[in-house]
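S.K.: Build me a model:
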Amino acid sequence: MQLSIIIVNYNVKYFLEQCICSVAKAIAHLQAEVIVVDNQSSDESVAYLLQRFPWVQVIANPHNVGFGKANNQAAALAKGRYIVYLNPDTIVPEDCFEQCLHFFAHHPQCGGLGVRMVDGAGHFLPESKRAFPSPLTSLFKLMGLAALFPKSAIFNQYALGYLSEHDTHPVDVLAGAFMMLPANVCQATQGFDEAFFMYGEDIDLSYRIQQLGYQNYYLGSNTIIHFKGESTKKGSLNYVWMFYEAMIVFVRKHYTGKKAKTFTLLIQAAIVARALITIVKNLFGKVGLPFFDVSIVYLAIWGTEQGWIHWQRGDMPFFQPQLPAILVGFSALYFATLVVTGVYDEIYKPTKTIASCTAAVVVLMAAYSLLPEPLRFSRGVVLIGGILAAALMLLLRRLLQQLQWIPNHRINNKKIVVIGNQDQYNYALQLLQNAQLHNFVIGRIAVGTQQEPNSIGNIHNLSQLLQVGQISDLVFCEGPAFSFQNIIQLIDANTGAAHFRIMSANSHCMVGSDSKATIGEAFTPEVWFNINQPFQKRRKRITDIVFALIAMLLFPLFVWRKHFSLRYFYHLGAIVWGAKSWIGYAQQQTNLPALKPAIFTHFGQPVYTKPFHYNNEALEKLDYLYATEYHWLLDVKLLIKQFPNWHKALCRKGIR
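M.R.: Presented below is the predicted three-dimensional model:
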C-alpha cells in the first residue's frame with residue numbers, strides 16, 4: 001500500500017466530512033487507506049462518520065488521549081509506505097498526495113514534507129514553514145518585531161518570512177496539520193512524543209527527523225486549506241497555557257545549560273504576558289464593553305446638561321435637587337434598552353448599534369414625558385445627550401475594531417452567490433434556508449465556459465462579479481466540473497474578497513471559516529430553531545424574571561387560599577436564578593434545544609397535568625413548532641392568560 005492518511009478528530013464532524021470527501025478524491029488513483037481516531041467527541045462524530053464513510057477505519061477513544069498519542073495509535077495500524085498526518089479541518093486538492101509522492105521519489109534525503117497552507121479566507125498561514133525556536137527568535141516574536149518586519153531574516157527567522165511561500169525550501173519545522181513521512185522514518189522516530197498533549201509535538205517530531213540525518217522540506221507549489229481554530233479556541237486562556245507549556249517541554253527536552261534556562265524564562269514571561277492580555281480581552285468582551293457603554297451614556301447626558309446650563313441658561317443651574325439620581329436612572333434605562341434590543345449580540349455591527357441607540361433615545365424621551373412636572377428639566381438635554389452617547393459608542397467600537405479587540409463586521413449587506421450546477425444550487429439553498437439565510441441568495445454562477453440559463457454569470461468572470469456585485473459570501477460547490485483544486489485556486493486568487501464556504505459533491509453540509517483566529521461555521525440539514533437565537537433567549541429570560549417578580553409582589557392575593565405553600569417562593573426563586581422557566585416543552589425532549597424545567601407547557605397546561613387529549617406524536621410536533629417558531633411574546637400572552645392558575649401551578653409538588 002502506498003499511503004496511509006491519519007486524521008485525529010475532536011468535535012468537528014462537519015469539517016471532517018468535507019476533509020474526507022477531498023481526501024477520497026485525492027487517493028482515487030492511489031493504493032491508500034484512511035484512519036480516523038476520534039478523541040471522545042461529544043457531537044456524535046463516530047456514528048456520523050460510520051454512516052457516511054463505511055470504508056474509513058475508525059478508532060473511537062473513550063477518553064481524549066491527546067493529539068500525539070491518537071496519531072501514534074493509528075500509525076501502529078498503518079500499512080502504507082508513506083504516512084500523512086492530516087487535520088480534520090483541512091481541504092486537499094485532487095493531486096495533493098501524488099505531488100508529495102513524486103517529490104519523495106526524487107528527494108531520497110527527505111524525511112518529512114509539508115505543504116503551503118491557507119486559511120478559510122485565503123490568507124497564507126506562516127506556520128506552514130518554520131525554523132526551530134531559539135531564545136532570540138522567541139524574544140523577537142514576543143516583542144512584536146516579527147510582526148513589524150515579516151520579511152526580515154533577522155526578526156522573523158522563526159516563520160522564515162524571508163523565504164517565498166510559493167517556492168520549495170528545506171525547513172526545520174513542519175506543521176502538524178499536514179505532515180508526510182516515509183513509514184520507516186515514522187518507525188525510527190517512534191512517532192509523536194506523547195508528553196505533548198496538543199501543541200509542540202510537530203516541532204519535536206521535526207527536530208527528531210533531522211537528528212536521524214534526514215531533511216524536512218516545504219513544498220510551496222502544493223496548497224491546501226486549513227480552516228484552523230476549529231478544535232480549540234485560540235483566544236482562550238487554556239490555549240495560551242497549553243501552547244507555552246508545550247514549548248517548555250520542548251526546551252527542557254532538547255536544550256541544556258544556560259541556553260535552556262534563558263529560553264525557559266522567556267517562555268514563562270510570555271505565558272504571563274499573553275495570559276494577562278487574554279484575561280483583559282475576555283473581560284472586556286464580557287464586562288468591559290457594557291461598563292464603558294454605561295459610563296459613556298451617563299457622561300454624555302451629564303455633559304450635555306452642563307453644556308445646556310452654560311450655553312442655554314447663562315450658567316443658571318436646574319432647580320431639581322433629584323437631577324443626579326434622574327440622570328443615573330436615565331443612563332440605566334438607556335443601557336437596559338441596549339441589552340433588550342440585542343446590541344451585545346453583534347457588538348461590531350454599526351447598524352445594530354445605531355438601531356439600538358435609536359430605540360434607547362425613544363425610550364428616554366417617552367420616560368421623560370411620564371415624569372411629574374416638578375421633576376422635568378429639559379427635553380433637549382435628554383435628546384442631545386442620547387444622540388451624543390450613540391455617536392461616542394460608535395467611535396468606541398470603531399477604535400476597538402482597529403485594535404482587533406472586537407471583530408470587524410463587513411459593512412456591505414449580505415449577498416450570497418452559489419457557484420455550481422442547478423442541482424447543487426438547489427441543495428445549497430435548502431441548507432441556507434435552514435439557517436434563515438436563503439433570502440440573501442442573489443443567484444448562481446455557472447462553472448462552465450458559457451453562461452447557463454438561470455445563472456448570473458460563469459466562473460471565468462468571477463473577479464468582475466465580485467467587484468460589481470459587491471458579493472459578501474461565495475458558496476463553492478465541488479463536483480465533476482469544479483474540483484477542489486479549482487476551489488482552492490479561486491480562494492487563493494480572491495483572498496479577502498468575500499466570505500468563502502465549501503460544499504463537496506458527496507457531503508450533506510457546507511463549511512467555512514473567515515479567518516485563522518475564528519471558529520468556523522457549518523450549514524447543515526438540521527433545522528433552524530428560533531428559540532436558539534440569542535435575542536429570543538435573552539427576552540425569554542427577561543420575561544421569566546419580570547413575571548417572577550410580579551408573582552412575588554402579588555403573593556398576598558394568593559396567601560389566603562387554603563392550599564398556599566412555600567413552594568410558591570421556591571419555584572419563583574428558581575425562575576429568577578435561571579434554574580427554571582415559566583414556559584417549556586410538553587414532554588422531555590432530546591432532539592430539540594434544551595430548555596429549563598418549566599411551570600407551564602407552551603399550550604397553557606401546568607406541567608404536572610397530563611394532557612390526555614394529545615398523544616406522544618402530537619406532543620412532539622407541538623414542541624417542535626414551539627422551538628422553531630418561538631417568539632418571546634408568545635410566553636407573555638400565555639402567562640397573562642394563565643394568571644388565575646399561577647398559584648396552583650407554583651404550589652404543586654409535581655413540578656419537574
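S.K.: does Asp193 sit in a helix, a strand or a coil?
M.R.: Using DSSP: H, G, I helix; E, B strand; the rest coil, the structure places Asp193 in coil.
S.K.: Tell me the spacing between the residue nearest to it when sequence neighbours are not counted and Gln190.
M.R.: Among residues not flanking Asp193 along the chain, Asp204 sits closest, at 5.1 Å (C-beta to C-beta, 6 or more residues apart in numbering). In short, each C-beta sits where N, CA and C put it, glycine included. Distance of Asp204 to Gln190, given as C-beta to C-beta, to the nearest Å: 11 Å.
S.K.: Kindly report the same for Ala70.
M.R.: Counting by C-beta to C-beta, the gap from Ala70 to Gln190 is 15 Å.
S.K.: in the stretch 301-450 of the chain, which ranges drop under the pLDDT threshold?
M.R.: When residues are selected by pLDDT under 70, those of the stretch 301-450 of the chain lie in 345-348, 403-413.
S.K.: which residues of the stretch 551-656 of the chain score low on pLDDT?
M.R.: 559-563, 589-590, 608-613, 653-656.
S.K.: which residues in it form strands?
M.R.: 581-584, 598-601 (DSSP state E, counting those that start in this stretch).
S.K.: CA-only coordinates of the first one, as CSV, when you get a sec.
M.R.: So that's strand 581-584. Taking Å, rounded to 0.1, in the frame of the first residue of the first chain, the C-alpha atoms of strand 581-584 are listed here in CSV:
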residue,chain,number,x,y,z
SER,A,581,-38.6,28.8,33.4
TRP,A,582,-42.2,29.8,33.2
ILE,A,583,-42.9,28.1,29.8
GLY,A,584,-41.4,24.9,28.4
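S.K.: So what's the gap between it and the chain middle?
M.R.: Relative to its chain's centre, strand 581-584 lies at 29 Å (C-alpha atoms, centre = their mean, to the nearest Å).
S.K.: for the last one, same thing?
M.R.: In terms of C-alpha atoms, centre = their mean, the centre of strand 598-601 is found 32 Å from the chain centre.
S.K.: helix/strand/coil for Asn333?
M.R.: Check again: residue 333 is Leu, not Asn. Here Leu333 is recorded as helix under three-state DSSP.
S.K.: returning to what we had before: more crowded one of Ala70 and Gln190?
M.R.: Just comparing Ala70 and Gln190: by other C-beta atoms under 10 Å the higher neighbour count belongs to Ala70, 24 against 12.
S.K.: can you pull the buried residues of whichever strand in the chain runs longest?
M.R.: As assigned by DSSP state E, the longest strand anywhere in the chain is strand 215-226. Of all the residues in strand 215-226, those buried under the rule 16 or more other C-beta atoms under 10 Å are Asn216, Tyr217, Tyr218, Leu219, Gly220, Asn222, Thr223, Ile224, Ile225, His226.
S.K.: Quickly note the distance from the fifth one to Tyr85.
M.R.: When you say that, I think you mean Gly220. Taking C-beta to C-beta, one finds Gly220 at 19 Å from Tyr85.
S.K.: Repeat that for the fourth one.
M.R.: For Leu219, the distance to Tyr85 (C-beta to C-beta) stands at 15 Å.
S.K.: Identify the residues contacting stretch 569-586?
M.R.: For stretch 569-586, contacts defined as C-beta atoms under 8 Å, 6 or more residues apart in numbering pick out 540-541, 543-545, 547-549, 551-552, 555, 592, 595-603, 605, 607, 611, 614, 619, 622-623, 626-627, 634-635, 638-639, 650, 655.
S.K.: in whichever strand or helix holds Ile209, what counts as buried?
M.R.: For Ile209, the host element (DSSP states H and E) is helix 201-211. Going by neighbour count (16+ other C-beta under 10 Å), the buried part of helix 201-211 is Glu201, Asp202, Ile203, Asp204, Leu205, Ser206, Tyr207, Arg208, Ile209, Gln210.
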